Structures are given as structure tokens and as C-alpha cells.
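Asker: My questions concern the predicted model and sequence given below.
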Amino acid sequence: MIRIVLADDEHLVRGAIAALLGLEEDLEVVAEVGRGDAVVDAVVGKDADIAVLDIEMPGGSGLEVAGDLRKAAPGCGVLILTSFGRPGYLRRALAAGARGFLAKDAPVDQLAGAIRKVHAGGRYIDTELAATAMAAGENPLTAREAEVLRAASEGKAVGTIARTLHLSEGTVRNYLSSAITKTGADNRMSAIRTAQEMGWL
């Protein structure tokens, strides 16, 4: 029996997925959580084989949780579900240690098959999402540029960003300018929007 922790902040969606997976003879949902920061404890506490994670959750995104699980429960396979076909998400998910990545609206037999494949040590990546990610190319932003742009997306002023990240205000402005150029944007807000749509933030 493959033991699964299911994490999704939408209660109805989580319940529906759990019910459908429960119909499979070899799959058992041993815990359901609605927050990213509850996943590691659930996986460790229930000795889960697989964590199925929504990408957007309070308390930590599926991408962040995948990285946490790689350290806290390296034997647990991670499969990311997304309702956003943002190309950068796939690359970030794989970099975080996820071995499965598919759309949230995939048929349950596809999800069940993906869980089995990841549990067996393989990978399962939605072909359409993979093609979109390949066509979009690499994320042009450095880690620091993305960090500054993410802080700016939260409405923080340059001075606040500088203090938070222990940088000078001039350095923050340089990172923002570089991010604007690399995203082909006209201004900071447009750069943030482009980076979010691509899944780079």
C-alpha cells in the first residue's frame, strides 16, 4: 500500500482528490493538510511514501515544502499539482527535489499512475507543461534579482528591501533595474507581473 499525504488549501478539492485516490486498491491517503507548514510533520508522523502538494498554499508553497521534505524525509517522493501552467514552476519544482509534476485538473487515473511511478523511483512530468517550460527557456533572473523583485512585489520600498536583505539602497536599485531589463519590462510592476506569470518568483 502506498501511503500518501495530500496537501491543498482548498478543502473541497482536497477532499475530492482524497476520495478518488481512496478508490484505488494500492493507494491510501493517510493525512490531509491545508497548509504548507503542516506537511513535514504529517509526512514524518504518518511515515508517508508520497506527498502530493498543491503549488499555492498558505504557510509555504509546494515548491518550498518540496525542499523541506528533501531534508526532513528524503525517502518520501514528492509530486506537485498545479492549476497554473507557469513554465518556471516546473524547473523550480525539479530543482527542489520533486519527481512528479502535473496539472491539478488531470484525470484521477493519470494522478494515480504518476503516484505509482514516483513511488517506484521514476519521474512523471505532464508533457504539455514540460513542452511549455522548454519553449520558455531558462529563468534569466539571478537568485538575488528574484529575491529583490519578490520583496518589491510585496509592496516594500527600496529602503525596506535594503534593510531586510542587508544591501545598500543603490544595490537594490541596481538589482531592480537589471530585473526590469531581463524581463523586457518597462517598469518595476511590469517586471513583477512578467516574472510571476512565468513562475520565476
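Answerer: Great, that's in hand. All values reported here derive from a predicted model rather than from experimental measurement. Residues are numbered from 1 along each chain as shown.

Asker: Show me what the closest residue to I125 other than its chain neighbours is bridged to.
Answerer: Spatial nearest neighbour of I125, chain neighbours left out: F101 (5.0 Å); criterion: CB to CB, 6 or more residues apart in numbering. Heads up, the C-betas are built off the backbone N, CA and C, glycines and all. Here F101 sits in beta bridges with I80, I125, going by DSSP bridges.

Asker: quick one: F101 from I80, how far?
Answerer: 5 Å (CB to CB, to the nearest Å).

Asker: quick one on the thing from earlier: in this structure the residue nearest to I125 contacts R92, no?
Answerer: No - checked against CB atoms under 8 Å, the pair F101 and R92 is beyond contact range at 10.0 Å.

Asker: returning to what we had before: between F101 and I80, what contacts are shared?
Answerer: Taking CB atoms under 8 Å, 6 or more residues apart in numbering as the criterion, F101 and I80 both touch 89, 93.

Asker: Not counting sequence-adjacent ones, nearest residue to R193?
Answerer: Closest to R193 by CB to CB, 6+ apart is A185, at 7.8 Å.

Asker: For the longest helix that the chain contains, what does the pLDDT average out to?
Answerer: Longest helix of the chain, by residue count under DSSP state H: helix 169-182. Average pLDDT, helix 169-182: 93.

Asker: elements contacting that helix?
Answerer: helix 143-153, helix 158-165, helix 188-198 (3 or more CB pairs under 8 Å, 6 or more residues apart in numbering; DSSP states H and E).

Asker: For that helix, which residues meet the burial criterion?
Answerer: Residues of helix 169-182 classed as buried by neighbour count (16 or more other CB atoms under 10 Å): 171-172, 175-176, 178-180, 182.
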